[in-house]
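Visitor: let me see the structure of the following:
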Amino acid sequence: NDGEPHRGGTYNLWGFTSINGGGPLILMDGTPGDINLINPEDVETVTVLKDAASAAIYGARASFGVILVTTKRSHSDRPTIRYTSNFGWGRPTRRPEIVEDPLYAATFINDAYRGFSGGNAPGLPAIIDYLEQRKQDPSLPELGIDPSGNFINGASIDWYDEFYNERAPYSKNYLSISGSEGRTGYFLSAGYQTQDGLFKVATDDYKRTTLRLKQDNQTTDWLNIYNNAEFAKGVYDRPNKLVSEGGYSVYRYLSLYANPWNAIRTTNGNYTLAGMSTLGQLEKGGRSVLDDNMLKNTLGFRTAFFDNTFRINGDYTYFVRQNRDEVQYNRLEYENRNNNVVEWTNPDYYASYFGEDAHQIINLYTEYERSVKDHHFKALAGFNQELYTSSSFSARRDGNLTPELQALNLTTGETVIADNKYEWALRGFFGR
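Guide: Below you'll find the predicted structure:
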């Protein structure tokens with residue numbers, strides 16, 4: 001999608017789903033979760049179910065298939081320590097190739113415009129004349145000044161090279177310890193990863209920490225109690241990219257202004273309108289910090305009676321996810337005429353958002369199976385109950401007093417607050 005470091009993947013097993021979208025049911029160790037937050041080194045197996053039988057087993061939410069993820073556990077009596085570290089670089093899949101000669105590019109575009117409309121493109125004849133002057137005298141500045149005092153662009157810039165890095169470094173570190181002591185097995189893992197964005201100026205970066213602790217205890221010959229706890233924390237620090245509220249972003253302005261003759265800065269070191277709408281927005285338009293936390297714990301039991309022909313199993317899962325987003329947009333300035341700096345009409349506010357989603361799941365089921373000569377009989381019956389609650393709150397106030405500090409008390413405008421709450425619940429019985 002947009003290549004932001006914190007973006008996760010989307011999954012589609014059946015191709016076209018419905019007019020309202022849809023995706024597979026993803027179960028991790030038997031309960032719903034966010035597959036994008038799991039540490040890949042924790043994964044032991046992945047099973048994909050995409051036929052109609054998946055809906056028969058898992059219900060209506062499995063209409064578009066099922067992905068079953070099982071995480072690692074202890075397989076040895078002796079403690080096993082494992083450490084992996086990966087370093088690398090990402091890069092844009094493709095970047096536009098720019099015509100290096102600004103005079104050729106300006107002349108070509110003006111000729112195309114003249115062929116379409118019958119006249120010159122507004123402003124381009126003056127730019128072409130100034131580019132021809134600079135070609136004869138390279139000591140001339142990138143910005144000329146016409147008799148009215150307005151700037152004439154005459155630069156030679158690869159905008160995409162100024163905007164994007166060639167590479168974005170990342171690192172992943174993982175440590176796990178597993179083993180067993182008597183009747184108790186354990187698996188403990190920790191992961192830490194960092195990834196930088198692709199912007200050359202004030203780029204974004206993402207840091208994530210993951211922890212997992214799995215324990216199981218064979219309490220008696222017929223009872224096993226287990227617990228699976230996981231925690232993930234991600235922090236995404238990013239520049240704000242909307243240049244006008246509800247309007248264009250830096251990507252849109254880059255496509256508008258990325259002509260090789262457009263200058264980024266004036267001779268005074270200030271941004272031009274084109275430079276302010278792209279690199280200036282990244283550098284001085286403010287930043288946002290998204291703090292995303294996830295905690296999930298599953299406590300369960302397994303029983304086996306009558307030579308493992310009759311089993312009763314149950315588990316309870318509590319899955320909570322909290323995210324907080326601190327957003328600050330700062331007012332931008334640019335030099336529209338020589339020695340004349342003006343403010344832009346971009347957003348100028350501070351906002352704070354907080355949201356929490358909590359999911360509680362109870363599963364209880366029993367199985368009975370028996371073989372008589374060449375025949376095998378198996379029956380299953382169970383109960384499932386879920387409660388999902390979601391709440392969010394936001395506050396915003398315009399007019400930042402300082403671009404460095406983020407707080408509602410350091411703004412001067414009118415405060416706007418909002419909240420949202422909803423919940424849903426399921427209770428079902430199943431058998432076969």
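
Visitor: number of nearby residues for the residue lying closest to P403 once chain neighbours are set aside?
Guide: In this structure, P403 finds its nearest non-sequential neighbour in N330, 4.4 Å apart by C-beta to C-beta, 6 or more residues apart in numbering. (C-beta placed from N, C-alpha, C; glycine too.) Neighbour count for N330, taken as other C-beta atoms under 10 Å: 20.

Visitor: got phi/psi on N330?
Guide: Taking degrees, to the nearest 10, you get phi -110, psi 150 for the backbone angles of N330.

Visitor: could you do the one 4 residues further on as well?
Guide: When quoted as degrees, to the nearest 10, the phi and psi of Y334 stand at phi -150, psi 160.

Visitor: contacting residues for the residue nearest to it when sequence neighbours are not counted?
Guide: Excluding the flanking residues, the one nearest Y334 by C-beta to C-beta, 6+ apart is M276, at 3.9 Å. Shown in contact with M276 (C-beta atoms under 8 Å, 6 or more residues apart in numbering): L332, E333, Y334, W344.

Visitor: turn those into JSON lines, including pLDDT, distance to V243 and secondary structure.
Guide: Converted to JSON lines, the contacts of M276 look like this (pLDDT from 0 to 100; distance: C-beta to C-beta, whole Å; DSSP: H, G, I helix; E, B strand; the rest coil):
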{"residue": "L332", "pLDDT": "94", "distance to V243": "8", "secondary structure": "coil"}
{"residue": "E333", "pLDDT": "95", "distance to V243": "13", "secondary structure": "strand"}
{"residue": "Y334", "pLDDT": "96", "distance to V243": "11", "secondary structure": "strand"}
{"residue": "W344", "pLDDT": "90", "distance to V243": "8", "secondary structure": "coil"}
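
Visitor: neighbour-wise, give me the winner out of the residues you listed.
Guide: L332 (23 neighbours).

Visitor: that one reaches V341, doesn't it?
Guide: No - using C-beta atoms under 8 Å, L332 is not in contact with V341, being 10.6 Å away.

Visitor: sorry, back to before: can you put the contacts of M276 in CSV and add distance to G33?
Guide: Output for these, formatted as CSV (distance: C-beta to C-beta, whole Å):
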residue, distance to G33
L332, 41
E333, 46
Y334, 47
W344, 43
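
Visitor: quick one: which of those is nearest S371?
Guide: L332 (75.8 Å; C-beta to C-beta).

Visitor: how about the residue lying closest to the closest one once chain neighbours are set aside, phi and psi?
Guide: The shortest distance from L332 to any non-neighbouring residue, by C-beta to C-beta, 6+ apart, is to W344 (4.4 Å). When read as degrees, to the nearest 10, the backbone of W344 gives phi -90, psi 160.

Visitor: I'd guessed W344 sits against R331; true?
Guide: Yes - here W344 reaches R331: they are 6.9 Å apart, a contact under C-beta under 8 Å.

Visitor: centre of the chain to the longest helix seen in the chain, how far?
Guide: Using DSSP state H to define each element, the chain has its longest helix at helix 102-117. Centroid separation for helix 102-117 versus its chain: 40 Å, with C-alpha atoms, centre = their mean, to the nearest Å.

Visitor: next structured bit after that helix?
Guide: Following helix 102-117 in sequence order, the next helix or strand is helix 124-136 (DSSP states H and E).

Visitor: what about the next helix or strand after that next one, average pLDDT?
Guide: The helix or strand immediately downstream of helix 124-136 is strand 143-145, counting by DSSP H and E. For strand 143-145, mean pLDDT is 92.

Visitor: strand 143-145: which residues count as buried?
Guide: L143, G144 (16 or more other C-beta atoms under 10 Å).

Visitor: ok so, going back, did I read that right, the residue nearest to Y334 in a helix?
Guide: Yes - with DSSP: H, G, I helix; E, B strand; the rest coil as the criterion, M276 is part of a helix.

Visitor: tell me the pLDDT at it?
Guide: With respect to pLDDT, M276 scores 96.

Visitor: what's opposite P239 in the beta bridge?
Guide: Legend: beta-bridge partners of P239 under DSSP bridges are R287.

Visitor: same thing with N313?
Guide: Applying DSSP bridges, one finds that N313 bridges with R302, Y365.

Visitor: okay, now it: neighbour count?
Guide: Residues contacting N313 under the criterion other C-beta under 10 Å number 17.

Visitor: likewise for the one 4 residues further on?
Guide: By the criterion of other C-beta under 10 Å, T317 has 21 neighbours.

Visitor: quick check: it touching Q385?
Guide: No - contact criterion C-beta under 8 Å: T317 and Q385 do not qualify, at 11.1 Å.

Visitor: between those two, which contacts overlap?
Guide: In terms of C-beta under 8 Å, 6+ apart, T317 and Q385 are both contacted by the residues I361, I362.

Visitor: related to what we said a few turns ago, and the contacts of M276, which is closest to A407?
Guide: L332 (20.9 Å).

Visitor: who does the host helix or strand of F383 pair up with?
Guide: Per DSSP H and E, F383 falls inside strand 375-398. Sheet pairing for strand 375-398, assigned by DSSP bridges, gives strand 349-372 (antiparallel), strand 415-431 (antiparallel).

Visitor: would you list these in JSON lines and tack on mean pLDDT?
Guide: Converted to JSON lines, these look like this (pLDDT from 0 to 100):
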{"stretch": "strand 349-372", "mean pLDDT": "95"}
{"stretch": "strand 415-431", "mean pLDDT": "94"}
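
Visitor: for these, give me CSV that also has mean neighbour count.
Guide: What follows is these, written out as CSV (neighbours: other C-beta atoms under 10 Å):
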stretch, mean neighbour count
strand 349-372, 16
strand 415-431, 10
